[in-house]
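[1] No letters, just coordinates:
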């Protein structure tokens, strides 16, 4: 089974993160395949809406810190700049695609998984889902464009709260904050995703594209600079003792003890 499922039904391209055993934790290759799918859809006139979701009980747990690529604890290297580059490529593809992107958040959206949900045009989540910037728990900073996407949605104070305190934000609270558009009862989630997908697929695609272009040029005009700053900052943090401790703590399933170095 592939870790990214890509399926087109009529005018809808479904992209599903498919590593349910690891809560759809990302590898660089996985992110690259997802970005290629979005880029392909952007050029394909038969696609009028892109739906992004996760298999199993999570949208995504973020980058794979296990180092094994299998969701099992291993001794392989943790994520590096190649993962950041692949994540930035996916975020950029989601924002630049001249088609509406719907994030169907079926469960936790953590780390860069949260970033990708926020890069979508419309987010609908199960009420049981939550949003979490867990980077600080691993001695890292937000990436995938989160520093721009989050602040644009909920303001700097709440964005900093999420980034530094690594709080879980339940889907209903995320709606109240303006972080996402919809939170629906779990049993109504599939029907709501279908309703929104159908509306977008049958809508004025070119008008959607121009609306999205305007948002990119105004509200998200600093996204490219944010991606660059995040890559630079993360590149520094990958070499800190705190990151090494964060990864070790994650693999040992214990609370990290940071030294600040």
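    All right, it came through fine. As the structure is a computational prediction, the values presented were derived from the model and not from experiment. Numbers count the residues shown, from 1 in each chain.

[2] From residue 99, how far out is residue 122?
    12 Å (C-beta to C-beta, to the nearest Å). For every residue, glycine as well, the C-beta is placed using N, CA and C.

[3] go on, residue 202?
    13 Å.

[4] ok, these two, which is more surrounded?
    Between residue 202 and residue 99, residue 99 has the larger neighbour count (other C-beta atoms under 10 Å), namely 25 against 11.

[5] Any figure for the gap between that one and residue 178?
    Residue 99 is 23 Å from residue 178, by C-beta to C-beta.

[6] Tell me how many other residues surround residue 112.
    33.

[7] May I have the secondary structure class of the nearest residue to it once chain neighbours are set aside?
    Nearest non-adjacent residue to residue 112, counting by C-beta to C-beta, 6 or more residues apart in numbering: residue 144, 4.0 Å away. Per DSSP: H, G, I helix; E, B strand; the rest coil, the secondary structure class of residue 144 is coil.

[8] same deal with the one 3 residues further on?
    Under three-state DSSP, the three-state class of residue 147 is helix.

[9] tell me the contacts of it?
    141, 159, 163, 226, 229-230 (C-beta atoms under 8 Å, 6 or more residues apart in numbering).

[10] if we go to 10 Å?
    115, 133, 141, 156, 159-160, 163, 222-223, 225-227, 229-230, 233 (C-beta atoms under 10 Å, 6 or more residues apart in numbering).

[11] Most neighbours out of those, which is it?
    Busiest of the contacts of residue 147 [other C-beta under 10 Å] is residue 133, holding 31 neighbours.

[12] Next one: that one from residue 184, what distance?
    For residue 133, the distance to residue 184 - C-beta to C-beta - is 23 Å.

[13] do the same with residue 161
    Per C-beta to C-beta, residue 161 is found 25 Å from residue 184.

[14] Of the two, which one has the most company?
    residue 184 (19 against 15).

[15] which residues pair with that one across the strands?
    residue 126 (DSSP bridges).

[16] Can you give me every residue that contacts it?
    124-127, 171-172, 175, 190-193, 195.

[17] And the pLDDT for the residue nearest in space to the middle of the chain?
    With distances taken as C-alpha atoms, centre = their mean, the residue of the chain nearest its centroid is residue 116 (2.3 Å). As predicted, residue 116 sits at a pLDDT of 98.

[18] Please apply the same query to the one 3 residues further on.
    Looking at residue 119, its pLDDT is 98.

[19] again, but for the one 3 residues further on
    Per-residue pLDDT puts residue 122 at 98.

[20] show me where this protein has strands.
    4-9, 12-17, 49-54, 101-105, 109-110, 122-126, 130-132, 169-170, 182-184 (DSSP state E).
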